[in-house]
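Chemist: I'll drop the sequence and a predicted model, then ask my questions.
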Amino acid sequence: MSTSIYRRVTPRRRGLLHSSQIWLASDHLLVVSSVRYLERYQRFAFADIHAIVTGDGPDRIGWQVAAVAASIVWTLSLLLVDSPFGKFFFAVTGVPAIILAIRDIARGPRCWCVLNTAVSSELLAAVSRRRVADRFLAAVRPHIEEAQANLPVIEAVAAPPALPFMNPPIVDAPTPPALVSKRNFVGEALFALLLVDAVIVWWALRGNATNAAAFLPTVYMAEVALALVVLLHRNSKFAGPTAALALLSVIFTVVDMFAVSGAAAWLTFANAARQGASKDALNSLWMSPAGTVRFAATWRIAAGLLGLIACQLDRREARS
């Protein structure tokens, strides 16, 4: 029975179509990268490694908290649904989303790691969390120090003294002013629009208006367009909550469009062609007419009020 010479030093980092993992041998590192059915093997001898550099990755705590909040709200939507299938759908899709969002936060802050040799610089995709980087460096450092303990030391040769004409006087140039992006009002416009749209949706569905289908497509397009503009203009300290609320607005607008108020508005076409009392109630796929109105209006009011507060904090920080 043969024993492998390799020991795993990082967990497998999986992507949509790729994965990466690092293994440790007695005299080298083995980096295994796979893309679907293809695998790539890279070996780095400990004696050839010049440096392993790590650094902090982007701070995504705002997005992580937003993901947890969105998944919880999505799961709690089962309370607004009357049919058993609707309750099952929101529970099955919401609970795994909550678990994945909490797991992402529990894995700790992100980082990046680069391995440098004399001829290459390789980004180690398997080392993407600070906790994994600490364990990886602790496992690799003794092997590198042992392999390079007997390498000859090349002493730096002193440069010849510079002649006067080789060093012209340095004139201090004035420091250019820092470029500061001007604060715009697109965030306030988005969240104020959500408050107005809450009234429009309530009026269109609650009153069983035959022109609801004419209003709602414009409502959806305006909300998505302004939310995307907010996501492209994140330029201040408090932009994290603002961007998170804008992202949630896009998600809820899409859900509302295809499963809630949009589905209810589609029934207005059928009602317009019917005579007498044989008209369908403006309910969504899984909600009653009252639940449809509450869902479509409540999330817009909540996002609008929270967004206006976040924008006010953002503007106050910019003035201080």
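Modeler: Nice, I can see it.
Chemist: count of neighbours near residue 247?
Modeler: 19 (other C-beta atoms under 10 Å). C-betas here are computed from N, CA, C, even on glycine.
Chemist: that one touches residue 227, doesn't it?
Modeler: Yes - if you go by C-beta atoms under 8 Å, residue 247 and residue 227 touch, sitting 7.3 Å apart.
Chemist: from residue 243, how far off is the residue most central in space within the chain?
Modeler: The residue lying closest to the centre of the chain (C-alpha atoms, centre = their mean) is residue 63, at 5.2 Å. Remark: distance between residue 63 and residue 243 (C-beta to C-beta, to the nearest Å) = 8 Å.
Chemist: same check, this time on residue 75
Modeler: 23 Å.
Chemist: more crowded one of the two?
Modeler: Counted by other C-beta under 10 Å, residue 75 and residue 243 do not tie: residue 243 has more neighbours, with 21 against 18.
Chemist: pretty sure the more buried one belongs to a helix, no?
Modeler: Yes - counting by DSSP: H, G, I helix; E, B strand; the rest coil, one finds residue 243 located in a helix.
Chemist: mind listing what it touches?
Modeler: 62, 63, 230, 231, 234 (C-beta atoms under 8 Å, 6 or more residues apart in numbering).
Chemist: give me the pLDDT value at residue 175.
Modeler: As predicted, residue 175 sits at a pLDDT of 60.
Chemist: likewise for residue 11?
Modeler: Reported pLDDT for residue 11: 88.
Chemist: burial of it, as a residue count?
Modeler: Residues near residue 11, counting by other C-beta under 10 Å: 14.
Chemist: just residue 311 next, same as before
Modeler: When neighbours are counted by other C-beta under 10 Å, residue 311 comes out with 26.
Chemist: give the other helices and strands that the longest helix seen in the chain contacts.
Modeler: Of all segments of type helix in the chain, defined using DSSP state H, the longest is helix 289-319. Judged by 3 or more C-beta pairs under 8 Å, 6 or more residues apart in numbering; DSSP states H and E, helix 289-319 is in contact with helix 186-206, helix 239-259, helix 261-272.
Chemist: at 10 Å what do you get?
Modeler: Secondary-structure packing of helix 289-319 (3 or more C-beta pairs under 10 Å, 6 or more residues apart in numbering; DSSP states H and E): helix 186-206, helix 212-231, helix 239-259, helix 261-272.
Chemist: pull out the buried positions in it.
Modeler: By 16 or more other C-beta atoms under 10 Å, the buried positions in helix 289-319 come out as 289, 291-293, 295-297, 299-300, 302-304, 306-308, 310-311, 314.
Chemist: please apply the same query to stretch 67-83.
Modeler: 67, 68, 70, 71, 74, 75, 77, 78, 80, 81.
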